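K.L.:
only the shape, not the letters, is given here:
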Ligand code: HEM
């Protein structure tokens with residue numbers, strides 16, 4: 001699949017790097033690791049030099065200094081790669097290099113600033129409690145399905161000024177891109193079937209947000225799409241295609257990541273009663289607990305590949321040839337002992353925690369303040385109402401499927 005048309009804001013002769021098997025290389029990364037328990041393997045990979053190049057055009061960085069080098073040298077390591085996610089143009093701003101990238105971040109950053117998230121706090125709190133209300137009296141829940149999946153999607157509906165009734169449509173669009181096997185079970189093994197689901201869902205996403213843009217153009221509100229339509233950067237408005245390419249990325253970047261983090265956090269807390277009790281006894285520890293669990297779990301284990309635009313020498317002296325796709329491992333960098341004392345201990349009392357669970361360099365996560373707010377509010381509201389919980393007997397075996405790090409069907413019980 002090709003992006004085909006030119007990238008908005010890109011120079012006419014700029015190239016999109018065709019990393020033929022981005023999905024395959026990500027899959028290669030998964031098989032290299034123990035999905036349920038990746039940290040010990042990260043340690044070994046770092047001890048062995050923190051760099052692997054299994055084939056000439058594909059490499060992985062594990063040691064924090066190498067990953068930082070790749071992320072911070074965007075002039076050499078380009079993010080203009082195909083994602084194969086049902087999109088027909090590059091995702092904005094993920095697949096855009098500087099200087100165009102800065103134009104988009106200048107516009108987007110204020111919409112996701114900590115101050116804006118303060119304004120969302122009451123709405124986020126209300127939505128968290130709404131979902132807890134649905135199952136608290138029952139004494140158990142499928143946490144993955146009944147809370148983690150729906151809560152971030154519901155927040156997004158709020159940001160877009162859309163009614164709760166749209167939740168199902170949102171979940172369907174999200175699944176069509178990120179969990180195509182839920183739409184067509186054969187797509188797990190049949191790559192053509194998988195591509196068919198992705199492309200059909202991609203078309204649905206463009207249609208859905210295209211209709212929303214038309215509506216907001218006629219009748220602006222104070223939602224995100226209306227703000228995009230009104231926004232100007234350096235005297236220029238965003239085109240319709242640019243808004244669609246941003247919304248497409250939001251569907252991928254803003255929903256699953258928080259859902260996945262929540263399932264990892266709750267699997268950890270349900271099996272580590274001392275950590276759980278620290279949160280219950282002293283809710284002031286929650287912001288530090290969120291940072292530490294983000295570091296330890298690294299729900300986005302690795303980034304999209306960066307393609308070397310010229311021959312380059314890494315800080316460890318290794319030569320990377322032009323055209324090589326380099327995947328930075330955030331999960332490994334987050335347990336690199338050269339950065340973190342007691343790297344393999346989960347400590348809610350770390351004085352400093354320079355984890356890169358949200359990436360690094362110019363593409364550092366746009367939604368980090370929103371994500372943190374959602375995670376902190378959940379931990380606060382949940383532990384107020386359900387302080388004691390555990391893995392439901394018979395469901396102690398946790399399943400961490402490939403993809404972003406997450407627990408499928410995490411079953412929790414409480415008294
Ligand atoms: C705990 C939840 C989240 C995690 C762990 C996470 C992680 C990341 C990471 C690692 C990147 C860097 C990708 C790269 O290397 O190129 C990234 C980028 C991004 N994230 Fe998040 N993310 C989370 C939540 C969100 C949310 C809620 C949003 C909603 C707006 C969001 C929007 C984005 C966008 C738009 C980018 C691309 C930024 C750019 O290219 O300039 N993320 N995220």
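P.N.:
Nice, I can see it. Being a predicted model, the structure only gives us computed values, none of them experimental.

K.L.:
for residue 378, which non-adjacent residue is spatially closest?
P.N.:
residue 128 (5.3 Å; C-beta to C-beta, 6 or more residues apart in numbering). The way it works is simple: take the backbone N, C-alpha and C, and place the C-beta from them, glycine included.

K.L.:
test my guess that the one you found contacts residue 377.
P.N.:
Yes: look at residue 128 against residue 377 with C-beta atoms under 8 Å: they come within range, at 5.4 Å.

K.L.:
so how many other residues sit close to the residue nearest to residue 378?
P.N.:
Residues near residue 128, counting by other C-beta atoms under 10 Å, number 22.

K.L.:
swap in residue 393?
P.N.:
A total of 8 residues lie near residue 393 under the criterion other C-beta under 10 Å.

K.L.:
residues from the protein in reach of the ligand?
P.N.:
When proximity is defined by C-beta under 6 Å from any ligand atom, the chain lies next to the ligand at 79, 93-94, 105, 112, 249-250, 253-254, 257-258, 261, 299-300, 303-304, 330, 357-359, 363, 365-367, 370-371.

K.L.:
assign the residue positioned nearest the centre of the chain to helix, strand or coil.
P.N.:
The chain has residue 257 as the residue nearest its centroid, 3.7 Å off, counting by C-alpha atoms, centre = their mean. At residue 257 the chain is in helix, as set by DSSP: H, G, I helix; E, B strand; the rest coil.

K.L.:
who touches it in this structure?
P.N.:
By C-beta atoms under 8 Å, 6 or more residues apart in numbering, the contact list for residue 257 reads 152, 299, 300, 367, 371, 404.

K.L.:
and the first one, what's its pLDDT?
P.N.:
Predicted confidence (pLDDT) for residue 152: 96.

K.L.:
inside strands: which ones of the residues of the chain next to the ligand?
P.N.:
Nothing among those maps onto strands, per DSSP state E.

K.L.:
out of those residues, which sit inside helices?
P.N.:
Secondary structure from DSSP state H places 105, 249, 250, 253, 257, 258, 261, 330, 370, 371 of those in helices.

K.L.:
may I ask which of those residues has the most neighbours?
P.N.:
residue 261 (28 neighbours).

K.L.:
that one reaches residue 299, doesn't it?
P.N.:
Yes: look at residue 261 against residue 299 with C-beta under 8 Å: they come within range, at 4.3 Å.

K.L.:
leaving out the residues flanking it, which one is nearest to residue 159?
P.N.:
residue 224 (5.3 Å).

K.L.:
which residues touch the one you found?
P.N.:
Per C-beta under 8 Å, 6+ apart, neighbours of residue 224: 111, 159, 160, 161.

K.L.:
ok, the second one - contacts?
P.N.:
Residue 159 makes contact with 120, 223, 224, according to C-beta under 8 Å, 6+ apart.

K.L.:
backbone phi and psi for it, please?
P.N.:
Here is the backbone geometry of residue 159 (degrees, to the nearest 10): phi -60, psi -30.

K.L.:
please report how far it lies from residue 209.
P.N.:
Per C-beta to C-beta, to the nearest Å, residue 159 is found 13 Å from residue 209.

K.L.:
and the last one, by the same measure?
P.N.:
The gap separating residue 161 from residue 209 is 13 Å, by C-beta to C-beta.

K.L.:
quick one, which of these two is more surrounded?
P.N.:
residue 209 (22 against 16).

K.L.:
I figured that one hits residue 248, correct?
P.N.:
Yes: using C-beta under 8 Å, residue 209 is in contact with residue 248, at 7.5 Å.

K.L.:
where do the contact lists of residue 161 and residue 209 overlap?
P.N.:
By C-beta under 8 Å, 6+ apart, the residues touching both residue 161 and residue 209 are residue 225.

K.L.:
quick one on the thing from earlier: let me know the pLDDT of the residue nearest to residue 159.
P.N.:
92.

K.L.:
now it: how far from residue 400?
P.N.:
From residue 224 across to residue 400, the span is 32 Å (C-beta to C-beta).

K.L.:
can you check residue 50 too?
P.N.:
Counting by C-beta to C-beta, the gap from residue 50 to residue 400 is 23 Å.

K.L.:
who has more neighbours, those two?
P.N.:
The neighbour count for residue 50 versus residue 400, taken as other C-beta under 10 Å, is higher for residue 50 (24 against 19).

K.L.:
give the contact list for residue 393.
P.N.:
If you count contacts by C-beta under 8 Å, 6+ apart, then residue 393 has residue 413 around it.

K.L.:
hmm, residue 70 is touching residue 330, no?
P.N.:
No: using C-beta under 8 Å, residue 70 is not in contact with residue 330, being 11.2 Å away.

K.L.:
check what contacts the helix or strand hosting residue 292 and list those residues.
P.N.:
If you go by DSSP states H and E, residue 292 is part of helix 286-297. Contacts to helix 286-297, defined as C-beta under 8 Å, 6+ apart, come from residues 39, 261, 264-265, 268, 275, 278-279, 334-335, 340, 346-350, 353, 355, 357-358, 372, 375-376, 379-380, 405.

K.L.:
tell me the mean pLDDT over it?
P.N.:
pLDDT averaged over helix 286-297 gives 98.

K.L.:
and stretch 248-265, by the same measure?
P.N.:
94.
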